[in-house]
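Quick one, fold the following:
(one chain, ligands or ions: 1)
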Amino acid sequence: MANEGRRCEEAGVDMIHFDVMDGCFVNQITYGSPVLKCLRQKVKIPFDVHLMVENPTKQIKFFADAGADIITIHAESECDVPRCLKRIHDLGAKAALAIKPNTPAKSALDFIDQCDMILVMTVEPGYGGQSFMEDMMPKVTQIRGYAEAHGFPGLDIQVDGGINVETAVTARNAGANVLVAGTSLFKSEDMRALCRTLKG
Ligand code: ZN
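Here you go, the predicted model:
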């Protein structure tokens with residue numbers, strides 16, 4: 001993981017997105033904060049931690065202490081969302097709120113004043129390698145429009161799932177400015193070139 005992290009860094013990737021899965025919120029289990037803590041010694045670019053866990057409340061401090069720069073919780077998880085977002089800020093990280101494909105934009109917009117970033121999932125969370133759901137783009141545009149109309153022009157809007165050369169353009173045109181690429185980037189022959197293309 002450290003080698004891949006350094007490869008990303010050298011290719012011009014802005015930050016590393018970690019999908020933390022607990023086997024409850026999603027079926028798969030990935031890794032916890034100790035793994036991040038080790039990687040933090042080896043990789044310097046920001047760490048963006050996406051908590052796909054049933055109860056993020058107890059995890060926030062572990063990941064903040066491990067060196068997370070951004071911590072994302074899910075609107076659908078079993079937690080007190082405003083309290084968790086505040087906790088993330090109190091620990092010195094940026095706070096983000098994620099919504100799954102079937103969750104309306106409103107579930108994130110209700111907490112926009114506490115969010116540095118809103119993550120719109122463009123696949124069902126849980127597995128890599130899925131196809132991009134283009135029908136999520138109206139949700140991205142809705143959030144971008146709401147943010148601009150309500151005094152949050154600096155809000156980051158992230159899309160996660162199925163990002164490649166084509167879908168990156170679609171996502172950017174819809175109003176997203178933070179793109180998570182997994183499969184396309186790691187399987188590319190020239191990560192640096194692809195990274196540049198994805199950024200547009
Ligand atoms: Zn993710």
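
Contacts for the worst-scoring helix or strand of the chain on mean pLDDT, please.
Using mean pLDDT, DSSP states H and E, the weakest-scoring helix or strand in the chain turns out to be helix 183-186, at a mean of 94. Contact partners of helix 183-186, identified using CB atoms under 8 Å, 6 or more residues apart in numbering, comprise 4, 8, 11, 13, 128-129, 163-165, 191, 194-195, 198. C-betas here are computed from N, CA, C, even on glycine.

and the residues you listed, which are buried?
8, 11, 13, 163-164, 191, 194-195, 198 (16 or more other CB atoms under 10 Å).

ok, then the element right after the least confident helix or strand of the chain?
The helix or strand immediately downstream of helix 183-186 is helix 191-199, counting by DSSP states H and E.

What is that following helix packed up against?
helix 2-11, helix 165-174, helix 183-186 (3 or more CB pairs under 8 Å, 6 or more residues apart in numbering; DSSP states H and E).

Pull out the buried residues from the second one.
Buried residues in helix 165-174, counting neighbours by 16+ other CB under 10 Å, are found at 167-168, 170-172, 174.

if we can go back for a sec, pLDDT-wise, what's the bottom of the contacts of helix 183-186?
Lowest pLDDT among the contacts of helix 183-186: Gly128, with 75.

Skipping its backbone neighbours, what lies nearest that one in space?
Among residues not flanking Gly128 along the chain, Gly182 sits closest, at 5.2 Å (CB to CB, 6 or more residues apart in numbering).

Next up, the contacts around the one you found.
Contacts of Gly182 by CB under 8 Å, 6+ apart are 17, 128-129, 163.

burial of the residue of the chain found nearest the ion, as a residue count?
Residue nearest to the ion within the chain: His50 (3.6 Å; CB to the ion). For His50, the tally of surrounding residues (other CB atoms under 10 Å) stands at 23.

in the strand or helix carrying it, what's buried?
Element membership for His50 (DSSP H and E) is strand 47-52. Within strand 47-52, the residues scored as buried using 16+ other CB under 10 Å are 47-52.

Quick check: next helix or strand after the longest helix seen in the chain?
Longest helix in the chain, counting residues (DSSP state H): helix 137-149. Moving toward the C-terminus from helix 137-149, the next helix or strand (DSSP H and E) is strand 156-160.
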